[in-house]
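Have a look at this prediction, sequence included:
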Amino acid sequence: MEFIDVSAKTIEDAIAKGVAQLAAEGQELVETKVLEQPSNGFLGIGRKPAVVRLFFTSVAKTATQEEVAHVEEQSVAVASEPVATTETEVQDIAVEASVEEKPSKKELSKEDQQEIAEKGKQFLDDMFTQMGLTVVIEKMMTKDKITFQVHGEDLGILIGKHGQTLDAIQYLTNLVAYKDVSGHCHIVVDVENYRSRREETLVNLAKRLASKVKRNRQKVSLEPMNAFERKIIHTALQGDKNVVTNSEGDEPFRHVVITYKK
């Protein structure tokens, strides 16, 4: 299987950088492997970047609408082997919420927010043009969030496996749009309402697996997910008194474990 090695300050930055490169070249991410953990060294001496290896497959064309649906509906793999739990639900959700969205540094004026939105949209326009994609970008703004909804045909390549490519595009858009800006409001990039459909899929999955846990009284471990998707699982089951959800492992292999609560 083909792969590229990418380095950056953090593992998350390296993955985002690599996924963006693959998307621009018409490749699809298949698997991620961390080769080297980042190190700050001593007083800046001996500092080492994170290095990740991204395995990919070449695609002869962009994905069809049926393939987009397949990605969204693809079942999240699970395993029933016992996994030790080390965090409480409240602690995990708090940590993951902080990862998902940075706290506001100051309230933005409408003019500043509009400028940020224009920078973000210009970045997306330029990137999609270089990729040879014809799209329409719908911009929606609230006080705390800017959403770019991307519409077009055969856009599955922008989503990737479980939204990994889309997450990388969103991450880069936030970096570009907020360069040299002190305020903050989160930017969300979506493709044909993929995120809402994915959320619905994850909620249904969480409830189905919770029923399995209560029936068999055995832990179930989901496949690795990003912080946003893990939070969806936690939130979907937080009202179920018979199960507890925790997250295990380190990024990018962090996953949710559903445990029966006696």
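That came through, no problem.

What ranges does the stretch 151-262 of the chain have for its strands?
With DSSP state E, counting those that start in this stretch as the criterion, the stretch 151-262 of the chain has strands at 186-191, 220-222, 243-248, 255-260.

Including mean pLDDT and distance to Glu111, could these go into CSV?
The C-beta positions use only the backbone N, C-alpha and C, and glycine is treated the same way. CSV is the format used below for the strands of the stretch 151-262 of the chain (pLDDT from 0 to 100; distance: least, CB to CB, whole Å):
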stretch, mean pLDDT, distance to Glu111
strand 186-191, 92, 17
strand 220-222, 94, 43
strand 243-248, 94, 39
strand 255-260, 95, 41
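
what would the ones you listed look like in JSON lines with distance to Lys110 and mean neighbour count?
Shown next, in JSON lines, are the strands of the stretch 151-262 of the chain (distance: least, CB to CB, whole Å; neighbours: other CB atoms under 10 Å):
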{"stretch": "strand 186-191", "distance to Lys110": "16", "mean neighbour count": "21"}
{"stretch": "strand 220-222", "distance to Lys110": "41", "mean neighbour count": "21"}
{"stretch": "strand 243-248", "distance to Lys110": "37", "mean neighbour count": "22"}
{"stretch": "strand 255-260", "distance to Lys110": "38", "mean neighbour count": "22"}
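
Same list (those strands) but as JSON lines, adding distance to Gly26.
Conversion of the strands of the stretch 151-262 of the chain to JSON lines gives the following (distance: least, CB to CB, whole Å):
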{"stretch": "strand 186-191", "distance to Gly26": "16"}
{"stretch": "strand 220-222", "distance to Gly26": "30"}
{"stretch": "strand 243-248", "distance to Gly26": "33"}
{"stretch": "strand 255-260", "distance to Gly26": "29"}
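
Relative to Gly120, which of those strands is closest?
Gly120 lies closest, by CB to CB, to one member of these: strand 186-191, at 5.4 Å.
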